[in-house]
Each structure stands twice: as structure tokens, then as C-alpha cells.
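**Student:** Sharing a model prediction with you, sequence too.
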Amino acid sequence: MRMRTTAFLLSAMVGAAPAALAQGFKPTRTVDLVVHTGPGGGSDVLARAIAVMAEREKLLPVRMLVINKPGGNAAVAAAYLAEKRGDPNTVGLFTGV
């Protein structure tokens, strides 16, 4: 069950990337992909897989950098993302159980 969910999320993210590019998303600097877990956690592994796929498939003209913001049941990551509001080069990835 977990593998199917992960596969679905990966396919949704990869499918969404070309749509974002078609709408004019052309980052000029590294894209920060913020996750709410520490290194090695499920969301971290998923984010790193997305970053690798985006680079391998040349979906973005720049690299993606995974930023871990664990703590507070995702509150730390949410607060960080709130500070980055309006920054098109910062994206959040939240997963649930």
C-alpha cells in the first residue's frame, strides 16, 4: 500500500512539473524544496527522489535543494514557508499518514 501511495505521489509531482514550466515557471536560482521531516524520513526520501528525477529529466533549468525543517508536527516547516511567501523558488512538500 505504501509503495502505491509513493508511486502515485511521484507521478503526480513529475506530471505537475511540465505544467508548471508551461505556465512560465523558469527559476533563475536553486529551487528550495522544504520538507517537514529530518534527513532520512519518508518525506525527505521522497523529496530527494523528486529532485533527482527533475534533474535527470531536465524539468528545471536549475537544481533543487532539499531543506529539512523538522519539528512541531510540521509547524516549523510551515512557519519557514510562511516567511518565504511570494518566493517562487521555495516549494513545500508535506505528507501525511
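**Tutor:** Right, received. Where do you want to start? Numbering: from 1, shown residues only.
**Student:** okay but residue 65 is in contact with residue 33, surely?
**Tutor:** Yes - using C-beta atoms under 8 Å, residue 65 is in contact with residue 33, at 6.8 Å. (C-beta placed from N, C-alpha, C; glycine too.)
**Student:** which one of the two has more residues nearby?
**Tutor:** residue 33 (22 against 14; other C-beta atoms under 10 Å).
**Student:** overlap in contacts of residue 65 and residue 33?
**Tutor:** residue 51 (C-beta atoms under 8 Å, 6 or more residues apart in numbering).
**Student:** Neighbours of residue 79, how many?
**Tutor:** Applying other C-beta under 10 Å, I find that residue 79 has 12 neighbouring residues.
**Student:** do the same with the one 4 residues further on
**Tutor:** For residue 83, the count of nearby residues is 8 (other C-beta under 10 Å).
**Student:** can you check the one 4 residues further on too?
**Tutor:** Burial of residue 87 is recorded as 11 neighbouring residues (other C-beta under 10 Å).
**Student:** can you check residue 92 too?
**Tutor:** By other C-beta under 10 Å, neighbour count at residue 92 equals 19.
**Student:** One more: the one 4 residues further on?
**Tutor:** Counted with other C-beta under 10 Å, the burial measure for residue 96 works out to 5 neighbours.
**Student:** So that it lines up with my notes, have the first residue be 7 from now on.
**Tutor:** Understood, numbering begins at 7; the last thing we discussed is residue 102.
**Student:** quick one: secondary structure of it?
**Tutor:** coil (DSSP: H, G, I helix; E, B strand; the rest coil).
**Student:** Any idea what the nearest residue to residue 45 once chain neighbours are set aside is bridged to?
**Tutor:** Distances taken as C-beta to C-beta, 6 or more residues apart in numbering put residue 74 closest to residue 45, at 5.6 Å, once the chain neighbours are dropped. With DSSP bridges as the criterion, residue 74 is bridged to residue 41.
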